[in-house]
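**Q** what follows is a protein structure lacking sequence information:
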RNA sequence: GCGGCUAUAGUGAAGUGGUUAUCACGCUAGUUUGUGGCACUGGAAUCAUGGGUUCAAUUCCCGUUAGCCGCCCCA
């Protein structure tokens, strides 16, 4: 008897049986939707060489600088630093390269489902171990893939029954045109740095794009007046974005262009987007986000290729399902319990059991000497819908009592065709 | 990583510097083997954890841990 009790480490939690229907509902809708669009599932390791993440996500990002879980090294792999994955894209790109997917028929459309880890301060909807669904489309540079990504995401959440969702989108240009914008942005900010927060002063040097993303009131004002990247895009990026928007319009996907939307990961180019509930103005709890990352494959040592993808935070989606009262379907469980009194009934009960289970009705029968009172209590506790009661009298006459446990009504029925009778009632 | 609030049965809540710490719902055992959800009788909390103040701490103070909120960041 130890008196020390344990609890889940900070930012992790048990997902208990009562919540599982929500998770299963999400998974089944997501997987059905995606496989209907010819996405294939891939499972990736939870650990990778930490370089995959550093080079992929960008060593200046918060994720790498302060949120990544590095594993303690063991003797055997002492020269390989391993890290718990903080997101899925970098690992997916590694898999694309390692498995020569560049020579598969393009585009390669993948999805994955699983836990990600970030050492952040937990809050509601923010956990250190959290579940993501991610998709990646490799090998196509046209806006069709951007559209397909956004549409699949929109479709999954729509089919789940979530309401009031909105896509925020923007284009952050390509390596050709972004430097021009950044120069323009820096010029604009140059004489305003004294008015900006410390963080923004750092951003000015390290990651100027993120100046637009500052949440400080004073900085927000400055950002609001700042030059808009869309005006500086090269014609290639401009057309790409334009074509994407036309597709979104055509399919009536609700979106807003947010010229200040930039994302926390370094690998994006051209299209970026997030999806959130419309009332979550500050987007503290984005349900998901993604974008195009045409240069990442090369950056991780692969051939020149193209890619677009996104990830959804399942924990947040489950929270929203609960808030919006989305009812997940519930599994059937036990439908019929057989209760029996006496030896004679015990022999009959087995035949009844066989008949019922052949009809693929979920039936439970454990012979016992318990009182009928106790047996009924147990049947109710097992959440069975019906009880089939067989006593001495019924056994002799080849009958049973069929009791509806929720309605407290019962009637005597012949054993013959009992199963199909029960099936009829269950299907009602 | 920084700041704020919180911590009492499974859940939600009361409450007190000093005998058996309340209440609701839930859970559980039974009310003597032909009828459950009602009723009745029982059971279950070292008042998160470690330390301090005190004759005495669940109550006051400090640390720790965890949750929530804000910042940061993101899913």
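**A** On my side now, so go ahead. Note that the structure is predicted; figures quoted are calculated from it, not measured.
**Q** all contacts plus neighbour counts: C-alpha atoms, from now on.
**A** OK.
**Q** read off the pLDDT value for residue A:76.
**A** Among the per-residue scores, residue A:76 holds a pLDDT of 67.
**Q** ok, residue A:380 next?
**A** Looking at residue A:380, the pLDDT reads 89.
**Q** now swap in the one 5 residues further on and tell me
**A** You'll see residue A:385 listed with a pLDDT of 91.
**Q** that one - how many residues pack around it?
**A** Neighbour count for residue A:385, taken as other CA atoms under 10 Å: 19.
**Q** separation between it and RNA strand B?
**A** 9 Å (CA to the nearest atom of the strand, to the nearest Å).
**Q** which residue comes closest to that residue once chain neighbours are left out?
**A** The spatially closest residue to residue A:385, leaving aside those adjacent along the chain, is residue A:335, at 5.0 Å (CA to CA, 6 or more residues apart in numbering).
**Q** the one you found: neighbour count?
**A** Taking other CA under 10 Å as the neighbour definition, residue A:335 ends up with a count of 19.
**Q** now residue A:153. Its backbone dihedrals?
**A** In this entry, residue A:153 is assigned phi and psi values of phi -70, psi -50 (degrees, to the nearest 10).
**Q** mind checking how far it is from RNA strand B?
**A** When CA to the nearest atom of the strand is the yardstick, residue A:153 and RNA strand B sit 11 Å from each other.
**Q** just residue A:66 next, same as before
**A** Using CA to the nearest atom of the strand, which is the criterion applied here, residue A:66 is 8 Å from RNA strand B.
**Q** contact partners for the residue nearest to residue A:385?
**A** Residues in contact with residue A:335 (CA atoms under 8 Å, 6 or more residues apart in numbering) are A:361-363, A:383-386.
**Q** let's see if you can find the most crowded of those.
**A** With neighbours set by other CA under 10 Å, the maximum within the contacts of residue A:335 is found at residue A:386, which has 26 neighbours.
**Q** quick check: that residue touching residue A:339?
**A** No: in terms of CA atoms under 8 Å, residue A:386 does not count as a neighbour of residue A:339; the distance is 10.4 Å.
**Q** what residues are up against residue A:359?
**A** With CA under 8 Å, 6+ apart as the criterion, the residues that contact residue A:359 are A:419-420, A:423.
**Q** now do 7 Å
**A** With contacts defined as CA atoms under 7 Å, 6 or more residues apart in numbering, residue A:359 is in contact with residue A:419.
**Q** can you check the one 3 residues further on too?
**A** Contacts for residue A:362 were tallied using CA under 7 Å, 6+ apart; they are A:333-336.
**Q** distance of it from RNA strand B?
**A** Using CA to the nearest atom of the strand, one obtains 18 Å as the distance from residue A:362 to RNA strand B.
**Q** ditto for residue A:61
**A** Counting by CA to the nearest atom of the strand, the gap from residue A:61 to RNA strand B is 6 Å.
**Q** tally of neighbours for that residue?
**A** Here the number of neighbours of residue A:61 (other CA under 10 Å) works out to 16.
**Q** repeat for the one 5 residues further on
**A** The number of residues packed around residue A:66, counting by other CA under 10 Å, is 12.
**Q** what about the closest residue to RNA strand B within chain A, how many neighbours?
**A** Minimum separation of chain A from RNA strand B (CA to the nearest atom of the strand) falls at residue A:264, amounting to 2.2 Å. By other CA under 10 Å, the residues close to residue A:264 number 17.
**Q** quick check: pLDDT value at the nearest residue to it once chain neighbours are set aside.
**A** Setting aside the residues directly before and after it, residue A:264 is nearest to residue A:61 in space (CA to CA, 6+ apart), at 6.7 Å. In this model, residue A:61 is scored at 79, pLDDT.
**Q** test my guess that residue A:61 contacts residue A:263.
**A** No: the pair residue A:61 and residue A:263 fails to qualify as a contact (CA atoms under 7 Å) at a distance of 10.2 Å.
**Q** residues in contact with the helix or strand hosting residue A:412?
**A** Following DSSP states H and E, one finds residue A:412 within strand A:409-414. Defining contact as CA under 7 Å, 6+ apart, one finds that strand A:409-414 is touched by A:398-404.
**Q** could you rerun that using 6 Å?
**A** For strand A:409-414, the external contacting residues (CA atoms under 6 Å, 6 or more residues apart in numbering) are A:399-404.
**Q** so how many other residues sit close to residue A:38?
**A** Neighbours of residue A:38 (other CA under 10 Å): 12.
**Q** so which helix or strand takes in the nearest residue to it once chain neighbours are set aside?
**A** With sequence-adjacent residues excluded and distances taken as CA to CA, 6+ apart, residue A:38 is closest to residue A:109, at 7.1 Å. Secondary-structure assignment from DSSP H and E places residue A:109 in strand A:108-117.
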